[in-house]
Each structure stands twice: as structure tokens, then as C-alpha cells.
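Visitor: Dropping a prediction and its sequence here:
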Amino acid sequence: MKKPTNLPSFIVIGAAKSGTTTLYQHLKAHPDIFMPDFKEPHYFVSQQKLNFKVIASEDDYRRLFCRSGHALSGEASTGYLYFPEAAQKIKQLIPECKIIALVRDPSARAFSMWGHQIREGLEELSFDAAVREELTGKTRLHKGVEYGFNYCKLGMISEHLIEYQKQFGESNVLIADYELLRTNPVKLMTQIYRFLDLPDAAPIGLQTRYNASGKPKFDWLHSFLNNKSRFRSMMTYPVKYLLGEKFTHTVWQTLRNKNINAGTRHAMSKDTAALLERHFAEEKSRLATLVTRG
């Protein structure tokens, strides 16, 4: 079998819970961009212990991008921002790759990550308790996995962003502010299209929120949509057979997001907010100097 040669032109490296899923969907809507349905292959950190499926083979990774008719192709894997070896590995395989990162206020990002793990049924502690446990110096694990459960550590990304700038050059690394995605997505997407040397595209679904965190309106519906039991498989099999797995997943994701968006938002306590403000003070200043302007 001939070895596939396709590789991404650009990679969205994170940060987690900073709008990367929404950005992935917006990029996928551009007529000149191909984004694989496998959103987070995490190939360049596949040797790390993670609690989700990854692409571990280079051949399998290349096959993700074997599609003609698009000027550019890309992928989005948030873990690339947190493991030091990722930048160098990407540089070795794709020397001309362009890098995109979305950064968010680290306190808000930490709280959203906690809400995500609560939503997925993976976190048992309150946000206050989880943060205080982590800040005692304990490495928090869930079934042996560290990534995604140390909410403060995952916010310390400035040094990793600087490493990407060193590896690829500052002109090939776009560091964008999550707030711009939230308040003016058209402006942000225009900035990204120009960074990728692509013409602007008509905005498509820019007001849609993807991968939202929060307390669902209907707990029973959320439990059913997230339950990987045999009963759910039996219930969804006829739908997948008739409509296809991709369309079924889109319907599942839409239902889950609508149920969460119709529910209530979690609230951070004032004491924990003040604690995190002190903890992240220097990191916030560093991030502010790294964000790409214009």
C-alpha cells in the first residue's frame, strides 16, 4: 500500500476550554479548508496517558488529510499546548506548519474546565475543593490520568507558547484572545483567514456555541446522551444505520448542547476567584504580551 503523504498546513494547539471546538467548526465551514471529522487526533502527544482516543500511527495520522480539492488542511488538538515535546515533534514532521492558539483568562478557563469534567461525570469535588487540593502541591489524577484534572497547571501556558514561537517563528504563530471569539467572531475569523493567506469567507453559524459547559436542564437526558451503556447502543443503532454515524453524532451533540445551554451556569465563589487572581497574576501579564494584535 502506498504511504499517504498528506499533512496539515496548520494546527490549532489549544488552549482547552478556550473556544477551540467552536473555532474548529468555523474553520471547517470555510470552502478552502479541510478539517478531519476526528477533531482531536493528538498524534504528537499520543504516547501520553490520556482518557480519550488518539491517533498513534503516522500512517493513520496522514490518512486523516487524504482529501483533494482544498487549499489547506488543519487539525485541532488541545493537548499540544501542554506537553513540552509536542512543538518539536510537529516541527520535525511539518516544518512549515502554521500554529494557532486561543488563550483565555486562566481563572475562567480553569473554572470552565472543571465544569466540563462535571458535565462528563468525571469530577467529584467542588471547584473550590479541587483548586485547593491542587494548590497544596498534589497532582490530581482520574483513573491514572493527569491531563484535564489539574485546572491551575493547565492555565500556565505562556512558556509553552514561547516555545512554539521559537520553533516556528513568531510570524507563523497566531495567538488569539478567546474574548474576541466570544464578542466579535467575524473579526477573529478574518484575522485567522489572513494569517492562513486565505480569502475571507461568509460567516457561517458564528453565533453557535460548541462544547459548552454547565448544569443541564434535564439531568435524565444528559445522562442518556453521555451514557455508553449497552442499552444506549441498542437504542441508537437503528438511527446510526439509517442516518449514518456522522449525522447521528451531529444530532447527539446538538441535543446535548441545547440541553446544557438551557440549563444553569455554575458560579465561582468570591474566595476562590480571589485566590486564583493572585495565583495567575503574573501569567495573565505574560499572556497579554503574547496575544497577536491586528
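Guide: Nice, I can see it.

Visitor: quick one: the nearest residue to residue 83 once chain neighbours are set aside and residue 64, what's the gap?
Guide: Spatial nearest neighbour of residue 83, excluding adjacent residues (CB to CB, 6 or more residues apart in numbering): residue 45 at 4.5 Å. Where C-beta positions appear, they are placed from N, C-alpha and C, glycine not excepted. Here the criterion is CB to CB, to the nearest Å. By it, residue 45 lies 16 Å from residue 64.

Visitor: Likewise for residue 85?
Guide: Relative to residue 64, and taking CB to CB, residue 85 is found at 20 Å.

Visitor: Those two: who's more crowded?
Guide: Per other CB atoms under 10 Å, whichever of residue 85 and residue 64 has more neighbours is residue 64, with 21 against 12.

Visitor: Torsion angles phi and psi at that one?
Guide: phi -60, psi -30 (degrees, to the nearest 10).

Visitor: what's the burial count for the closest residue to it other than its chain neighbours?
Guide: Spatial nearest neighbour of residue 64, excluding adjacent residues (CB to CB, 6+ apart): residue 36 at 4.2 Å. Neighbour count for residue 36, taken as other CB under 10 Å: 21.

Visitor: is it true that residue 36 touches residue 75?
Guide: Yes: using CB atoms under 8 Å, residue 36 is in contact with residue 75, at 6.3 Å.

Visitor: Now the common contact residues for these two.
Guide: 64, 65 (CB atoms under 8 Å, 6 or more residues apart in numbering).

Visitor: Okay, strands next: where are they in the stretch 101-250 of the chain?
Guide: Here the stretch 101-250 of the chain has its strands, by DSSP state E, counting those that start in this stretch, at 173-177.

Visitor: that older thread, doesn't the residue nearest to residue 64 lie inside a helix?
Guide: No: applying DSSP: H, G, I helix; E, B strand; the rest coil, one finds residue 36 to be coil, outside a helix.

Visitor: quick one: contacts for it?
Guide: Taking CB under 8 Å, 6+ apart, we find residue 36 in contact with 64, 65, 73, 75.

Visitor: between the residues you listed, which is nearest residue 55?
Guide: Residue 55 lies nearest to residue 64 out of the contacts of residue 36, by CB to CB, at 7.0 Å.

Visitor: For residue 18, give its distance to residue 130.
Guide: Distance, residue 18 to residue 130, using CB to CB: 19 Å.

Visitor: In terms of neighbours, single out the busier of those two.
Guide: Neighbours around residue 18 and residue 130, counted as other CB under 10 Å, are more numerous at residue 18. The numbers are 27 against 23.

Visitor: what residue ranges in this protein are flagged as low confidence?
Guide: 1-5, 68, 201-237, 239-250, 252-253, 256-265, 294 (pLDDT under 70).

Visitor: what about the helices in it?
Guide: According to DSSP state H, the chain carries its helices in the segments 20-28, 58-63, 85-93, 106-119, 127-135, 158-168, 178-183, 185-195, 219-226, 230-243, 245-261, 270-279, 281-290.

Visitor: Ok, which of those comes nearest residue 151?
Guide: Of the helices of the chain, nearest to residue 151 by CB to CB is helix 106-119, at 3.8 Å.

Visitor: got the angle for that closest one vs helix 281-290?
Guide: Counting by axes from the mean of the first three to the mean of the last three CA atoms, to 10 degrees, helix 106-119 lies at 100 degrees to helix 281-290.

Visitor: Skipping its backbone neighbours, what lies nearest residue 47 in space?
Guide: Nearest residue to residue 47, sequence neighbours excluded (CB to CB, 6+ apart): residue 56, at 7.8 Å.

Visitor: Could you report the distance from the one you found to residue 43?
Guide: To residue 43, residue 56 is 7 Å away according to CB to CB.
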